[in-house]
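Q: whatever this is, show me its structure:
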Amino acid sequence: MNLETRLRSAAMRRLSSAGFQQLTRQRARLGRRLTRQPPAVHYFHQVDDPYSHLAVQRLDTLRATYALPFVAHLVSHPDASFLGNSEHYGPWARNDAASIASAYQVTFPANHRTPALADVAAANDELAGHLTSSDFAHNAAVVGEALWSGAALEGAHTGDAGRFAVARGNALRHKLGHYLGGMFYFDGEWYWGIDRLRLLEQRLIDEGYAGRAVEITTPQPTALDTTVIDAQHVLLEYFPSLRSPYTAVGHPHVLSLIKRSGVTVKLRPVMPMLMRGVPAPRAKQRYIMMDAGREGRACGNPFGNIVDPFGEPVKRAFARFPAALAMGKGMEFITAYLDAAWVRGVDISTEAGLREVAANADIQWNELVQAEDTEWTTLLDENLSEMLSAGLWGVPSFRVSGGRLDEPFACWGQDRIWRVENEIANRA
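A: Take a look at the predicted model:
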């Protein structure tokens, strides 16, 4: 393992560790106490962010449940470099929000549209005067419903109040180390939108802010039962990546879903995002590793001794993948590699490490080498093309087709596996 890989791997292990999470919390708590600031959750609302519209609908429930302030701020759209694919991000986010809203017992307009810049400014002006009032969440939901559905926004708009409020919110968000809207911040940690409220709530309960025994008010939706259906006529296309922390966290759950449902699977691995030119500024990389590590611990798939497979190690592994796939061992190969790189600390940059991966996938190394396909890049390019054609660019991604429904359904993220399972159940 070369020095660069060692340093990257050490940084990833540290950022994703429970120890670093605790240290981050302790530092933030100490800093707050030294400045005599009371504990508070900060919520950053972006009026033209679909996930903010979902999250703000849970804000009053959070305020009623936990004994600390929830302080609202207005922020603007992040820089394009933080969005992965700025061209497709907006349509994907709107469709995704509409897809998950009802399961979280919130709403998003079915006939949603892209808000005009003038309407965004008007919405910020409308909400700026409510930031410190108890009716902020209600007004934000009403304004958001109008904004996303294309209805006229009522009320007077000065043109300055919203702009100044957004500038203040942006400055605080940047100071605290983030870039997205729909984010909650509490004593050193960030929680993304409605999907991470369960983790924020669990922390508030653990630290005594619930005041009494309560259940999490915004749990992750429970998937439909697929153990009683026959889903063989439904196709699940699964797009993982060997270097994706979210793929590593979600992969065991994907395997369980496949086993439960009996869905037909087409495995379509793709190159890591950074290796295909998708931008990821340092702040985003830092948050992803911290969040993925926290997610892994929460769902029972914690990271172990990470060895970062960036660059040549990934290419060498993918050069073996078509042969493994031809042997009927494609999923086993991906599973063994993710386990080696993200849990067991196998040096996958060496031939010895790849031999261990093959052995754990029940593949004879000599057979794998002899059958090596020099056109593996063509296969991965085809997979990437299919993923992009579905309006997706991140991993893990999923596309479900067939069964009783005509139109395919596509989504991405390990926190959408429940939604994938629901789609399979609805089609079976």
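Q: all helices for the stretch 251-400 of the chain, in order.
A: Along the stretch 251-400 of the chain, the segments classed as helices by DSSP state H, counting those that start in this stretch run 282-298, 312-326, 330-339, 351-360, 365-370, 376-389.
Q: can you pull out the strands in the stretch 1-150 of the chain?
A: Under the criterion DSSP state E, counting those that start in this stretch, the stretch 1-150 of the chain contains strands at 41-45, 70-74.
Q: for the last one, what is the average pLDDT?
A: pLDDT averaged over strand 70-74 equals 98, rounded to a whole number.
Q: who are the neighbours in contact with the residue nearest to residue 104 when sequence neighbours are not counted?
A: Closest residue to residue 104 apart from its sequence neighbours, by Cβ to Cβ, 6 or more residues apart in numbering: residue 194 at 5.4 Å. C-beta coordinates here come from the backbone N, C-alpha and C atoms, glycine included. Neighbouring residues of residue 194 by Cβ atoms under 8 Å, 6 or more residues apart in numbering: 51, 54-55, 58, 100, 104, 106, 182, 218.
Q: for residue 194, report the pLDDT, please.
A: We have a pLDDT of 98 for residue 194.
Q: mind checking pLDDT for the residue lying closest to residue 229 once chain neighbours are set aside?
A: Of all residues not flanking residue 229 in the chain, residue 428 sits nearest, at 4.1 Å (Cβ to Cβ, 6+ apart). You'll see residue 428 listed with a pLDDT of 94.
Q: for residue 412, same thing?
A: For residue 412, pLDDT reads 95.
Q: and for the one 10 residues further on?
A: Confidence per residue is given as pLDDT, and for residue 422 that number is 98.
Q: do residue 272 as well
A: Value for residue 272, per-residue pLDDT: 92.
Q: count the neighbours of it for me.
A: Residues near residue 272, counting by other Cβ atoms under 10 Å, number 17.
Q: check contacts around it.
A: Taking Cβ under 8 Å, 6+ apart, one finds 241-244, 310, 314, 395 in contact with residue 272.
Q: how about residue 214?
A: Residues near residue 214 by Cβ under 8 Å, 6+ apart: 65, 205.
Q: am I right that it is in a strand?
A: No: counting by DSSP: H, G, I helix; E, B strand; the rest coil, residue 214 is not found in a strand; it is coil.
Q: now the strands of the stretch 1-150 of the chain as a markdown table including mean neighbour count and distance to residue 413?
A: Output for the strands of the stretch 1-150 of the chain, formatted as a markdown table (neighbours: other Cβ atoms under 10 Å; distance: least, Cβ to Cβ, whole Å):
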| stretch | mean neighbour count | distance to residue 413 |
| --- | --- | --- |
| strand 41-45 | 24 | 20 |
| strand 70-74 | 21 | 25 |
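Q: ok, which of those comes nearest residue 356?
A: Smallest distance to residue 356 across these (Cβ to Cβ): 44.3 Å, for strand 41-45.
Q: is it true that residue 119 touches residue 144?
A: No: judged on Cβ atoms under 8 Å, residue 119 makes no contact with residue 144 at a distance of 11.1 Å.
Q: mind splitting this structure into its structural domains?
A: The record, using automatic domain parsing to delimit domains, assigns the chain the ranges 38-206, 234-427.
Q: turn those domains into a markdown table, including distance to residue 213.
A: As requested, the domains of the chain are arranged in a markdown table below (distance: least, Cβ to Cβ, whole Å):
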| stretch | distance to residue 213 |
| --- | --- |
| domain 38-206 | 9 |
| domain 234-427 | 20 |
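Q: which of these sits closest to residue 1?
A: Taking the domains of the chain one by one with Cβ to Cβ, domain 234-427 is closest: 5.0 Å.
Q: give me the distance from that closest one to the chain's centre.
A: 15 Å (Cα atoms, centre = their mean, to the nearest Å).
Q: how long is that domain end to end?
A: Chord length of domain 234-427, first to last residue, is 7 Å (Cα to Cα, to the nearest Å).
Q: repeat for stretch 262-276
A: End-to-end distance (Cα to Cα), stretch 262-276: 33 Å.
Q: ditto for stretch 191-207
A: 16 Å.
Q: pLDDT weak spots in this structure?
A: Low-confidence segments of the chain, defined by pLDDT under 70: 154-158, 372-374.
Q: between residue 119 and residue 144, which is the more surrounded one?
A: The neighbour count for residue 119 versus residue 144, taken as other Cβ under 10 Å, is higher for residue 144 (26 against 21).
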